[in-house]
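Enquirer: Show me how the following folds:
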Amino acid sequence: MASNDHQEINIVYNEMQRVKERKVRLIILVFTGFLIVGYSIWNFWRMVEAIQSPVIIGTRNIGRAEIPVPGIVICGTIIDQEVQCYKGKLNEVDDHFTKVLPCEGYINGSNDATEFGNLRGFPNSDSLNCYILDSHNVPDKEPLKFNNSTQKIYLVLKSTHRTNNTQGAITNDEWYYFGVFNEKENPWKVKFQLVNMPAISYLYFKRTEKKQPAKIDAITGGSIGNTDFDSTADVELVTSFTTLRLSGIGDDANLWCVFQIIPQNYEFDETTFTRTYPVEISYKRIEFTFFQLTANMGGFVSILSALYFALLGSRRHNPWGIIQRYVLKSVPPPLTTDDIVQSSEKFYSTDILDENDCNDSQSHLRNQIQATARDIENLKLYLNKHYLRDIVPENR
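Expert: Numbering: from 1, shown residues only. Just a heads-up that it's a prediction; the model follows:
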């Protein structure tokens, strides 16, 4: 009687312990779930930020047979005649620009200076005459480009006011503003420089293209690759400017400035008589990609799993996976009660050990076999309960 009471107490105690363990597991799993969700959100935010703000990982300098001509905005109070545009080779004489080909139709004149954001508030801005060399977006015209036949653009600034405008034939100083923009930029937002004239002015530039990462780079990150022209690339012009102050230019007393646009550091091939223009290409990369996100999540979950197993141990293991279950269908059936009984009978079958014919040693051996059979069955049940699934039926 006391033994039965003790067993019942053990059963109740064990059940209470199992309930406590399940509560602890549940609390830890909920806390772990919150950690995983929070870490996932943070990693997704990092990836979104990386996609929106790619970083430059490298640059390459190449030569192209042609590059677009930069756009120019020129404003001045005395520039009351239409700005003229010419294109020619680099070795053309500066004051003989009329001997080269005109680039007609690219100058947009009679612009209100107050429409340019960076000229608002300037003294006498309402009296400025502004002209735009739009070399990229003129309807029904090909964009102006530097190539093998054009290495220099001339902008001729004239006025009805004569340069030699004093009794001593000394020219009073006048000023003009100019700003540079590329095909991606808005000419109404250019930044201006103030230049003295009469003068011959030289604007040198180098083109930089910043290639944007492709959509697939959100997974792989991107790399240094194609150097072909990319219409989606960001463009930046690195410029240098110099001007030569003169008292007048040639025989034209109404000519105040010859503004020249020249590509910087072009290369000439004496064998083929061709020119190439330097372009610096920079490549952007997404620093935190989907692959890195999955790697971070995998490592984080692995750490949490290791801590969980260290605190609460592992659950039963399933020795067969999808391949064995559904593809090869090689999972052996679970042991049944009949299998266990038949297996046990083989150890102490009367056909092998006849009780009537056995001596004491044989009887002792039979008892050992029976005890071993019971131990094996208990071991199977223990393994099925705590370590391995699908060994014996769940109802055992």
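Enquirer: Please count neighbours and contacts with C-alpha atoms only from this point.
Expert: OK.
Enquirer: For the residue nearest the centre of the chain, give me the backbone phi and psi.
Expert: In the chain, the C-alpha nearest the mean C-alpha coordinate belongs to residue 286, at 2.7 Å (CA atoms, centre = their mean). Note on residue 286: its backbone torsions stand at phi -80, psi 110 [degrees, to the nearest 10].
Enquirer: Can you report how many residues neighbour residue 108?
Expert: Burial measure for residue 108: 15 neighbouring residues, criterion other CA atoms under 10 Å.
Enquirer: is it true that it touches residue 132?
Expert: Yes. With contacts defined as CA atoms under 8 Å, residue 108 counts as touching residue 132 at a distance of 5.0 Å.
Enquirer: surely residue 130 meets residue 73?
Expert: Yes. Applying CA under 8 Å, one finds residue 130 in contact with residue 73, separated by 7.0 Å.
Enquirer: What sits closest to residue 178 if chain neighbours are left out?
Expert: The shortest distance from residue 178 to any residue other than its chain neighbours is 4.4 Å, reached at residue 74 (CA to CA, 6 or more residues apart in numbering).
Enquirer: From the contact counts, what lies against the helix or strand that contains the one you found?
Expert: Taking DSSP states H and E as the criterion, residue 74 maps to strand 71-76. Counting contacts by 3 or more CA pairs under 8 Å, 6 or more residues apart in numbering; DSSP states H and E, strand 71-76 is packed against strand 129-133, strand 174-181.
Enquirer: other SSEs contacting the shortest one?
Expert: What that stands for is strand 129-133. Strand 129-133 is packed against strand 71-76, strand 107-112, with contacts defined by 3+ CA pairs under 8 Å, 6+ apart.
Enquirer: any chance of these in CSV, plus distance to residue 256 and mean pLDDT?
Expert: Shown next, in CSV, are the helices and strands packed on strand 129-133 (distance: least, CA to CA, whole Å; pLDDT from 0 to 100):
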stretch, distance to residue 256, mean pLDDT
strand 71-76, 11, 93
strand 107-112, 17, 80
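Enquirer: any idea which of those strands is most buried?
Expert: By mean neighbour count, with neighbours taken as mean count of other CA atoms under 10 Å, strand 71-76 ranks first of those at a mean of 24.
Enquirer: Direction included, what does that strand pair up with?
Expert: Partners of strand 71-76 in the sheet, by DSSP bridges, are strand 129-133 (antiparallel), strand 174-181 (antiparallel).
Enquirer: Can you say which of the ones you listed is nearest to residue 16?
Expert: Closest approach to residue 16 among the strands paired with strand 71-76 is made by strand 174-181 (78.8 Å; CA to CA).
Enquirer: Alpha carbons of the helix or strand following that closest one, as PDB, please.
Expert: Reading on from strand 174-181 to the C-terminus, the next helix or strand found by DSSP H and E is strand 193-197. Coordinates of each C-alpha in strand 193-197 appear next as PDB, following Å, rounded to 0.1, in the frame of the first residue of the first chain:
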ATOM      1  CA  GLN A 193      30.900  82.500 -61.700                       C
ATOM      2  CA  LEU A 194      31.600  86.200 -62.400                       C
ATOM      3  CA  VAL A 195      34.200  86.900 -65.100                       C
ATOM      4  CA  ASN A 196      35.800  90.100 -66.400                       C
ATOM      5  CA  MET A 197      35.800  91.000 -70.100                       C
END
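Enquirer: which outside residues touch strand 193-197?
Expert: Where contact means CA atoms under 8 Å, 6 or more residues apart in numbering, the residues beyond strand 193-197 that reach it are 173-179, 243, 245-246, 256-257.
Enquirer: Can you list the strands that that strand pairs with?
Expert: Using DSSP bridges, strand 193-197 pairs in its sheet with strand 174-181 (antiparallel).
Enquirer: gap between the strand it pairs with and the chain center?
Expert: Strand 174-181 sits 37 Å away from the centroid of its parent chain (CA atoms, centre = their mean, to the nearest Å).
Enquirer: who's in contact with the residue nearest to the centre of the chain?
Expert: 50-51, 53-55, 213, 217-218, 221-222.
Enquirer: I'd like to know which of those is nearest to residue 102.
Expert: When these are compared against residue 102 (criterion: CA to CA), the nearest one is residue 213, at 39.6 Å.
Enquirer: Tell me how far the closest one lies from residue 67.
Expert: Distance of residue 213 to residue 67, computed by CA to CA, to the nearest Å: 22 Å.
Enquirer: Would you agree residue 157 falls within a strand?
Expert: Yes. The assignment for residue 157 (DSSP: H, G, I helix; E, B strand; the rest coil) places it in a strand.
Enquirer: Tell me if I'm right that it and residue 252 touch.
Expert: No. Proximity of residue 157 to residue 252 does not meet the contact threshold set by CA under 8 Å, at 11.4 Å.
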